[in-house]
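Trainee: next come a sequence and a model predicted from it.
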2 protein chains.
Amino acid sequence: MKLAVIGLGLIGMSIVRAYAALGEEAQLYDLDPAVRDRVRTFRIGTVFNDAAAAAEGADLVILCTPPAAMAKAAQALAPGLKAGAILSDVGSVKQAVITAVAPHVPESVFFVPAHPVAGTERSGPDAGFATLFQDRWLLITPLDDPRPDYPHAVDRLARFWESLGAMVETMAPDRHDLVLAVTSHLPHLIAFNIVAMAEDYEKVTESEAVKFSAGGFRDFTRIAASDPTMWRDVFLNNKDALLEILGRFTEDLFALQRAIRWGDGEKIYETIARARRMRREVIEAGQDSAAPNWGRDKS
Amino acid sequence: MKLAVIGLGLIGMSIVRAYAALGEEAQLYDLDPAVRDRVRTFRIGTVFNDAAAAAEGADLVILCTPPAAMAKAAQALAPGLKAGAILSDVGSVKQAVITAVAPHVPESVFFVPAHPVAGTERSGPDAGFATLFQDRWLLITPLDDPRPDYPHAVDRLARFWESLGAMVETMAPDRHDLVLAVTSHLPHLIAFNIVAMAEDYEKVTESEAVKFSAGGFRDFTRIAASDPTMWRDVFLNNKDALLEILGRFTEDLFALQRAIRWGDGEKIYETIARARRMRREVIEAGQDSAAPNWGRDKS
């Protein structure tokens, strides 16, 4: 399978490296000439100066740009797409990406949107690593494409991601956007908000917040270190699901705040105990390290 | 220095183990007979069945119970305290603990409240480990005690914690409670709230939230796995600072929410970029691991 990767940041370069670990080379492109030059020094895959040239002859082309840049990227590479090729993406939002990209997909091409639920706080071409997708979920959100070969294209994309170590599941695009609003977009939004708040809170200095961050705050700073362009795009492109879940979050927060104000220890305890139970499930599902503090300390 | 530790959970047993690593033995007590029995099997220190007996003859007695249990513990051990002893604690809130404990402290004893800014999501006697306080901050919040020997007691407590690997700083109790509301109490409250919300959100199943937690949610489940009794006490006992900081958090969240609703990408980007900068400071201050995902993944 001839692979082309468009957008060479954390996710794109992790795909390239995971594919290279299987002994396979990919055709690469990034809009930023500095990124292309950097990736050339890695001596992994062939870097093209033109999106269409990178996509040429590929069986699978994966868009790995920030969500808002995907339509332009698809438009630019479309002339290079061969008949029967699969065009996919890795966007953290699916409905908005489908709406933006679909008009640029040639009729002879299968557009199969997808999203690997994996990442780190790092961004840029140096952040990629081959094992990022190991034991992580890859969600495919197939289109309503009536062509008899479309399910086969979905299958081929699933096999590709499984070869990189991922577990694959299919989901409707709107369902994806709702579930990810809960498990990814809201946590990031909250982390950005709490860290930015601490940064400009006039009663506690920034250096105090940093110094005594081991009490919990430092965990939020890690998530909040994620790429601003990509997350701005995610928030703007999953607006409806995010605003809905934010409403619920705030409602619950006010209930908890009220319990604190009125000294309702039982309600507070019940909330904490309920939250605590979910940790065990995350560990049992193999989605996190069971080591205290993830083993990041010297213990 | 003869040490007594009252309350044998994560923090208490970490003190005991760090002290043991220096070749020193402590006198131990816990209100729960099952915990006492468990700690006896560790063959580390001497476990007493009575708080006053455990405190007897000690130069330093450290209260390591949940904040709301400290007054009763102080009352119970007071008869065992020798003249000139230091009574300290590890409570995550300081003003409330001081108000509750001070009335039970004999006149001949020096009460020096303190708080190690360190911990993991684990609780109970098995959770303790010797290096928990290594390179972490220990905050001493001295009383307005006019006795000429009081500063000397503060010094001795500081030296004790430094011997366990901690860095020591003194702070006024109300300042402590405000700073920790930002760096510890609010992050925990938010994590409990978001995880409990996901647990009972009817549109996304619990198993979906768990399965796709690698997008950010799993980090919140770690913090939310912390001890419910201890955190209930912290929230109830640092009410004023917490309600004040919650007000600011919600105000900023609404501003961000509004930016998402109206598509103000610049405001969103600015918030994220500001949050991102703090991560570097936390790493530079030696308060967190610089490895992506804290190195918890297989990368």
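Mentor: Happy to help now that I have it. None of the values given here were measured: they were computed from a predicted structure.
Trainee: please identify the buried residues of the helix or strand where A:Ile268 lies?
Mentor: Assigned by DSSP states H and E, A:Ile268 belongs to helix A:265-284. Residues of helix A:265-284 classed as buried under the neighbour-count rule (16 or more other CB atoms under 10 Å in any protein chain shown) are A:265, A:267-269, A:271-272, A:274-276, A:278-279, A:281-283. Using the backbone N, CA and C atoms, a C-beta is placed for each residue, glycine as well.
Trainee: next: stretch A:2-15.
Mentor: For stretch A:2-15, by 16+ other CB under 10 Å, it's A:3-15.
Trainee: which members of the residues you listed occur in helices, if any?
Mentor: Secondary structure assignment by DSSP state H places A:10-15 of these in helices.
Trainee: didn't A:Ala279 look like it was pressed against B:Thr221?
Mentor: For the record, residue A:279 is Arg, not Ala. Yes. Shown here, A:Arg279 and B:Thr221 form a contact pair, counting by CB atoms under 8 Å, at 4.4 Å.
Trainee: shared neighbours, those two?
Mentor: Common contacts of A:Arg279 and B:Thr221 (CB atoms under 8 Å, 6 or more residues apart in numbering or on different chains): B:Val195.
Trainee: centre of the chain to stretch A:164-182, how far?
Mentor: Relative to the chain's own centre, stretch A:164-182 is displaced by 11 Å; criterion: CA atoms, centre = their mean, to the nearest Å.
Trainee: what about the most centrally placed residue in chain A, which SS state?
Mentor: Centroid check for chain A by CA atoms, centre = their mean gives A:Ser92 as the closest residue, at 4.6 Å. A:Ser92 carries the three-state label coil when classified by DSSP: H, G, I helix; E, B strand; the rest coil.
Trainee: just to revisit the earlier point, adding pLDDT and distance to chain B, write the buried residues of helix A:265-284 out as JSON lines.
Mentor: Converted to JSON lines, the buried residues of helix A:265-284 look like this (pLDDT from 0 to 100; distance: CB to the nearest CB, whole Å):
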{"residue": "A:Gly265", "pLDDT": "98", "distance to chain B": "5"}
{"residue": "A:Lys267", "pLDDT": "98", "distance to chain B": "9"}
{"residue": "A:Ile268", "pLDDT": "98", "distance to chain B": "5"}
{"residue": "A:Tyr269", "pLDDT": "97", "distance to chain B": "5"}
{"residue": "A:Thr271", "pLDDT": "97", "distance to chain B": "5"}
{"residue": "A:Ile272", "pLDDT": "97", "distance to chain B": "4"}
{"residue": "A:Arg274", "pLDDT": "94", "distance to chain B": "5"}
{"residue": "A:Ala275", "pLDDT": "95", "distance to chain B": "4"}
{"residue": "A:Arg276", "pLDDT": "93", "distance to chain B": "5"}
{"residue": "A:Met278", "pLDDT": "93", "distance to chain B": "5"}
{"residue": "A:Arg279", "pLDDT": "94", "distance to chain B": "4"}
{"residue": "A:Glu281", "pLDDT": "94", "distance to chain B": "5"}
{"residue": "A:Val282", "pLDDT": "94", "distance to chain B": "5"}
{"residue": "A:Ile283", "pLDDT": "93", "distance to chain B": "9"}
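Trainee: and the helices in the stretch 101-250 of chain A?
Mentor: A:150-163, A:173-180, A:186-200, A:206-211, A:217-223, A:228-237, A:239-261 (DSSP state H, counting those that start in this stretch).
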